[in-house]
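[1] return atomic coordinates for the entry below.
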Amino acid sequence: MISIAILRASIVVVMTITLMPFHIMGLFLDYFFEVRIVVLLTKKLWSRAVMKTIGVDRQLIGIGSNSNIFVSNHISWLDILAINSTIDVVFIAKSEVRSWPGLGFLAVLGQTIFIERKSLNALSQKQALEECLKKNQSVFFFPEGTSTDGSSLKQFKSSLFEVCYGDFFKKNNLGSVQPITINYESPIESDPGFYSFWREEDTIFGNIKKIIKKVSHGRVRLTFHKPIEFNKYSNRKHLSSACFKAVRSGLANSESSC
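    You can find the predicted model right below:
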């Protein structure tokens, strides 16, 4: 008898192979003609299908806006699927992700912008972000700089918020960032942090295997907070702090509702 893990993994592989030609065509249209509809549809369809296949339901609270930048807390690799299934964004990720077997390739197909941890203020990286924004593409990053078990929030690093005060937004005198809080409800008879991927001893493939072999369903909840306008704050640290408070309020509300 085929195990649930093998069955789910096989379905995901088939879906990936089936949708990949359409996504690559979408990348072509986006690059040469700035037409993103095909890329958006394939990302949303694939992300939603994978989540459904592996038994992770999605709940949305609030509404995603047309903000230039989105930020959230970081708990699991599932965060990316949940976000991609909901809004059209380009992710910013640490450069190591590019070298992850299989997942790095998917990140490249997802148009991820890779950055070096030790040079977040490097001119080339800021220019890459601004080029993305000039094309009316929203960007997404995790300001904690790492993942947690989801029960608390690490202080946000303000470096990437510097792009909010770059030449692009100074000329337009507008722009906003929308904070999002991510929460997970573990499957029945599972540990509270079942979906989290943060321990040093955890491996990405070990975590994936644990999740896809679980028969009962869990849930990811995305809480969209009110967009925050850049020009209401004088610098990146103040803006970062405002986003931190918004995301943290979502964690507190989640705990009080349990």
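[2] so which elements touch the helix ranked longest in the chain?
    The longest helix of the chain (DSSP state H) is helix 4-33. Counting contacts by 3 or more Cβ pairs under 8 Å, 6 or more residues apart in numbering; DSSP states H and E, helix 4-33 is packed against helix 37-54, helix 103-109, helix 204-212. For the C-beta atoms, the positions are set from N, CA and C on the backbone; glycine is no exception.
[3] list the buried residues of the last one.
    Right, helix 204-212. Buried residues in helix 204-212, defined by neighbour count with 16 or more other Cβ atoms under 10 Å: 207-208, 211-212.
[4] go on, the longest one?
    For helix 37-54, burial by neighbour count (16+ other Cβ under 10 Å) applies to 38-40, 42-43, 45-51, 53-54.
[5] make TSV from the residues you listed and add distance to N73 to it.
    Shown next, in TSV, are the buried residues of helix 37-54 (distance: Cβ to Cβ, whole Å):
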residue	distance to N73
V38	30
V39	26
L40	24
T42	27
K43	21
L45	26
W46	23
S47	19
R48	21
A49	25
V50	21
M51	18
T53	25
I54	21
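[6] just these now: which is nearest Y31?
    V39 (9.8 Å; Cβ to Cβ).
[7] assumed S147 was part of a helix.
    No - assignment of S147 by DSSP: H, G, I helix; E, B strand; the rest coil gives coil, placing it outside any helix.
[8] correct me, but it touches L78?
    No - look at S147 against L78 with Cβ atoms under 8 Å: they stay out of range, at 10.6 Å.
[9] neighbour count winner among those two?
    For S147 and L78, the more surrounded residue by other Cβ atoms under 10 Å is L78, and the numbers stand at 23 against 19.
[10] need the contact list for the more buried one.
    Contacts for L78 (Cβ atoms under 8 Å, 6 or more residues apart in numbering) come out as 51, 56, 184, 195, 211, 220.
[11] quick check: the gap between the first one and W100.
    If I follow you right, that is M51. 20 Å (Cβ to Cβ, to the nearest Å).
[12] the closest residue to A128 other than its chain neighbours pairs with what?
    Excluding the flanking residues, the one nearest A128 by Cβ to Cβ, 6 or more residues apart in numbering is I113, at 5.5 Å. Beta-bridge partners for I113, by DSSP bridges, are I92.
[13] for I113, give me the pLDDT.
    If you check I113, the pLDDT there is 93.
[14] tell me the one of the buried residues of helix 37-54 nearest S176?
    L40 (20.2 Å).
[15] from memory the closest one sits against T86, does it?
    No - applying Cβ under 8 Å as the test, L40 and T86 come out as separate, 11.1 Å apart.
[16] can you map out the helices along the stretch 51-200 of the chain?
    Using DSSP state H, counting those that start in this stretch, the helices assigned to the stretch 51-200 of the chain run over residues 78-84, 103-109, 123-134, 167-172.
[17] including distance to C243 and pLDDT, could the buried residues of helix 204-212 go into JSON lines?
    Conversion of the buried residues of helix 204-212 to JSON lines gives the following (distance: Cβ to Cβ, whole Å; pLDDT from 0 to 100):
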{"residue": "N207", "distance to C243": "27", "pLDDT": "93"}
{"residue": "I208", "distance to C243": "29", "pLDDT": "94"}
{"residue": "I211", "distance to C243": "28", "pLDDT": "96"}
{"residue": "I212", "distance to C243": "32", "pLDDT": "96"}
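[18] need those residues in a markdown table with distance to E229, can you?
    As requested, the buried residues of helix 204-212 are exported to a markdown table (distance: Cβ to Cβ, whole Å):
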| residue | distance to E229 |
| --- | --- |
| N207 | 37 |
| I208 | 38 |
| I211 | 38 |
| I212 | 41 |
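[19] for F224, which of the helices of the stretch 51-200 of the chain is the nearest?
    That would be helix 78-84 among these, by Cβ to Cβ, at 10.8 Å.
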